[in-house]
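> Got a predicted structure plus its sequence, pasted below:
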Amino acid sequence: MHSVLVLLVHHTYAVIFGWVLIEQGGLPIPSVPVMLAVGTMSAAHKMHVAYAIPVILLACLISDSAWYFLGRRFGGRVLDILCRFSLEAATCVERTHGTVSKRGAVTLLFAKFVPGLSTVASPIAGQAGIPYPIFVAYDMAGSLIWAGAWLFAGRFFGDLARRSNDFFALLGHFGIALVVLMVAALILYRLVKRRQFLVELRGLRLEPSQLMAMIDDAEREGLDRPFIIDLRHPLDVLTDPLILPGALRIGPDELKQRREIIPLDRDIVLYCTCPSEETSAKVALELRRMGIKRVRPLRGGLQGWREAGYPLDDVIFA
């Protein structure tokens, strides 16, 4: 295996540009280990943090701007795509919506430090209508803080390692393997967390066909329909103003705070924007821990219901 010094000296800026571009583009391949490696090797003065930072900022600008304009143009449909392919984006969409609504562009200053939020912050900023010059200013400031933190953390470690020439030489020789192991460990950790969540969710999801049958049975027998709750953020509702028949629109936090509105003698069905229904699933699990047992997330969310060909009502805005 070639020394990491050889790889980084000759290809470092191309590697880090491509890696950050891919990660910010939505693939769950963490770039933090690469930035730490670049910072560490800068202690040998074979590369320069001052050169790496503009390269990282350019990669972030390209990826984040693309997601910004996609979010501005297509809204929730872009988030659907991210939810399908990202390991963590689905769990952060609702939280990011709330953070952007509360803090605006300031969210971009810390978004890249939060897995998942980093991926969805840019399209949600576009969806929220934040002006592009303001988006670029905050996004670049946040990217600079993020890149600088990891690069200088690596440089600090490199300066410590240089106190032992043997250790620093060993670090250089096995550096590629260490970076690969760090990346693999982070991906494995995210996969395990997702697997644990899916195991906990097993058997809880309600199929669209099951919900349709429950609605038909209730109407035929003159009983109360299932209590259906639309958890989508208002921004998603504006871009897709359709709702399941009889659904009540209420956000996750408000729902958990207003338990009294939830009937205990009816089936509770939750749905959200993301086709992997992770927001509604997490809320359902939390409500079950609070003692509300007859609550289930709708598989596929609104998109799954639509694809099944079942009826939808127009949203009536107050």
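Ah, there it is.

> measure residue 259 to residue 213 for me?
Using CB to CB, to the nearest Å, we find residue 259 at a distance of 27 Å from residue 213. Backbone N, C-alpha and C define where each C-beta goes, glycine included.

> Residue 190 against residue 183, yeah?
No: the pair residue 190 / residue 183 is not scored as a contact, 11.2 Å apart, by CB atoms under 8 Å.

> where exactly do the helices run in the stretch 101-250 of the chain?
Here the stretch 101-250 of the chain has its helices, by DSSP state H, counting those that start in this stretch, at 117-127, 132-161, 165-173, 175-201, 208-221, 234-239.

> tally of neighbours for residue 29?
Using other CB atoms under 10 Å, the number of residues around residue 29 comes to 15.

> That one against residue 183, yeah?
Yes: under the criterion of CB under 8 Å, residue 29 makes contact with residue 183 at 6.7 Å.

> Tell me which helix or strand in this protein has the weakest average pLDDT.
Least confident helix or strand, the chain: helix 89-103 with a mean of 55, by mean pLDDT, DSSP states H and E.

> pLDDT weak spots in the stretch 1-150 of the chain?
1-10, 45-46, 76, 80-103, 116 (pLDDT under 70).

> any idea whether the residue lying closest to residue 158 once chain neighbours are set aside is helix, strand or coil?
Leaving aside its chain neighbours, residue 158 sits nearest to residue 43 (2.9 Å; criterion: CB to CB, 6 or more residues apart in numbering). Here residue 43 is recorded as helix under DSSP: H, G, I helix; E, B strand; the rest coil.

> surely residue 43 meets residue 155?
Yes: at 5.9 Å, residue 43 counts as touching residue 155 under the criterion of CB under 8 Å.

> list the contacts for residue 17?
55, 56, 58, 59 (CB atoms under 8 Å, 6 or more residues apart in numbering).

> hang on, I meant residue 263
Here residue 263 is in contact with 224, 227 (CB under 8 Å, 6+ apart).

> Is it within a helix or a strand, and which one?
Using DSSP states H and E, residue 263 sits within no helix or strand.

> Could you report the distance from it to residue 295?
In terms of CB to CB, residue 263 sits 11 Å off from residue 295.
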